[in-house]
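Colleague: Following is a predicted model, sequence given first.
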Amino acid sequence: MKNPRDKHCIARLIDSVLRRPASGRVFLSHEKARHCLTALDCPRFSICLWGEARYHIWQNGVRSEVRLRRGDVIYASAGCMMEPAPEANYLSLGVVPHAHLTRFLVAQKRWSHANANANGPLPPPPSAPVARHQFLVTHHTQKTLDADGRHLCEAIDRCAGRNPEDRWLRALFRALLIRSHELLLADSEPGREGGEEGRSHFRWQAACQFIRDHLHEPLGRETVASFLQLHPNHISRLFARFSKAPFNQYVMSERIRRARHLLKNPGLNLADIAAACGFSDPNYFSRCYRKVVGRAPRVDR
């Protein structure tokens, strides 16, 4: 999970973006959608490094698509949609400043025809195209945005309605990218003061955050381990040590926790809630909910 080469790779990429003239457009996702599975409780942004990136956002009350070319940026406010469209080929650099950690990542998406879908219950037909999303480099740091960084995010949030080529919006984002670059360069070994215990606890925190961010997707030890560059058995040990529960039990408890929150929204039906929590079958969701909570989901509506 913690590789100095990954940190230096991301730092060089950000530096190369900052060295270019500020000609890229900045697209904003600032409207909250009712049926968004991928919204996070923090802002985030992604820079297109190569190819054409396509994202779905909520704009003027409808689902819309924005297309990014090299140098363009998409910035999503907290709670807002930023869903990668499957039909795209691109390389991107992303930053996700959570409250207790910051995630930097380089991702590649390839759109191709394939005979199988590893994430689905059934393989698609041979002619069905499949989007392959691969995290090439990831880096987590305990450093988080300071007051200046948060104020920059708030200023960008207030730019709703501005043109993606607006000079003020570009300047604000450039300042935020510089602040993120400084945060990355100031990073040191996580949990250094706490020794191995501190490092292990931080790895567990990063794993928990990844799970919470991807509850709408299939999740296994291998998925989390691959993202954090750890062995699956290491993931099991971290959850046994800090969660006092097996990995699968923790994931299920988080899915049900999200479901209990979403059940308070009368605009969502049971199928929507099940999908948002990673259940493809509403009936299976209801059985799991009853097993964990002790009553049917409809009782908590």
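Modeller: Sure, I can see it. Numbering: from 1, shown residues only.

Colleague: Which parts of stretch 273-284 count as buried, going by neighbours?
Modeller: For stretch 273-284, a neighbour-count test (16 or more other Cβ atoms under 10 Å) marks 273, 274, 275, 276, 277, 278, 279, 282 as buried. The C-beta positions use only the backbone N, C-alpha and C, and glycine is treated the same way.

Colleague: Let me see the contact set for residue 245.
Modeller: 239, 253 (Cβ atoms under 8 Å, 6 or more residues apart in numbering).

Colleague: Please apply the same query to residue 285.
Modeller: Per Cβ under 8 Å, 6+ apart, neighbours of residue 285: 259, 270, 273, 274, 277, 279, 297.

Colleague: What residue spans form the domains of this structure?
Modeller: 4-185, 196-300 (automatic domain parsing).

Colleague: Please give the centre-to-centre distance between the shortest one and its chain.
Modeller: Read it as domain 196-300. 15 Å (Cα atoms, centre = their mean, to the nearest Å).

Colleague: And the longest one, by the same measure?
Modeller: Between the mean C-alpha location of domain 4-185 and the chain-wide mean there is a distance of 9 Å, by Cα atoms, centre = their mean.

Colleague: Numbering from 620 from now on, please.
Modeller: Renumbered: residue one is now 620, and that last one reads domain 623-804.

Colleague: now the end-to-end length of that domain.
Modeller: End-to-end distance of domain 623-804 (Cα to Cα, to the nearest Å): 11 Å.

Colleague: ok, now the shortest one?
Modeller: Domain 815-919 has an end-to-end distance of 42 Å (Cα to Cα).

Colleague: For the domains of the chain, give me a markdown table that also has mean pLDDT.
Modeller: As requested, the domains of the chain are arranged in a markdown table below (pLDDT from 0 to 100):
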| stretch | mean pLDDT |
| --- | --- |
| domain 623-804 | 87 |
| domain 815-919 | 94 |
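
Colleague: Buried ones in the helix or strand containing residue 830, by neighbour count?
Modeller: Using DSSP states H and E, residue 830 maps to helix 814-832. For helix 814-832, the neighbour count (16+ other Cβ under 10 Å) marks 818-830, 832 as buried.

Colleague: Closest one to residue 684 out of those, please.
Modeller: Taking Cβ to Cβ as the measure, residue 684 lies nearest residue 832 of the buried residues of helix 814-832, at 21.9 Å.

Colleague: Surely residue 757 touches residue 721?
Modeller: No: the criterion here is Cβ atoms under 8 Å, and residue 757 misses it with residue 721 at 11.5 Å.

Colleague: From the contacts of residue 904, which land in helices?
Modeller: Taking DSSP state H as the definition of helices, these contribute 878, 889, 892, 893.

Colleague: so where do the strands sit in this protein?
Modeller: Using DSSP state E, the strands of the chain run over 645-648, 663-678, 681-687, 692-695, 702-703, 708-716, 721-732, 748-760.

Colleague: As CSV, the ones you listed with distance to residue 789 and mean neighbour count would be great.
Modeller: Below are the strands of the chain laid out as CSV (distance: least, Cβ to Cβ, whole Å; neighbours: other Cβ atoms under 10 Å):
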stretch, distance to residue 789, mean neighbour count
strand 645-648, 6, 25
strand 663-678, 12, 21
strand 681-687, 14, 15
strand 692-695, 9, 26
strand 702-703, 23, 19
strand 708-716, 17, 20
strand 721-732, 21, 18
strand 748-760, 25, 17
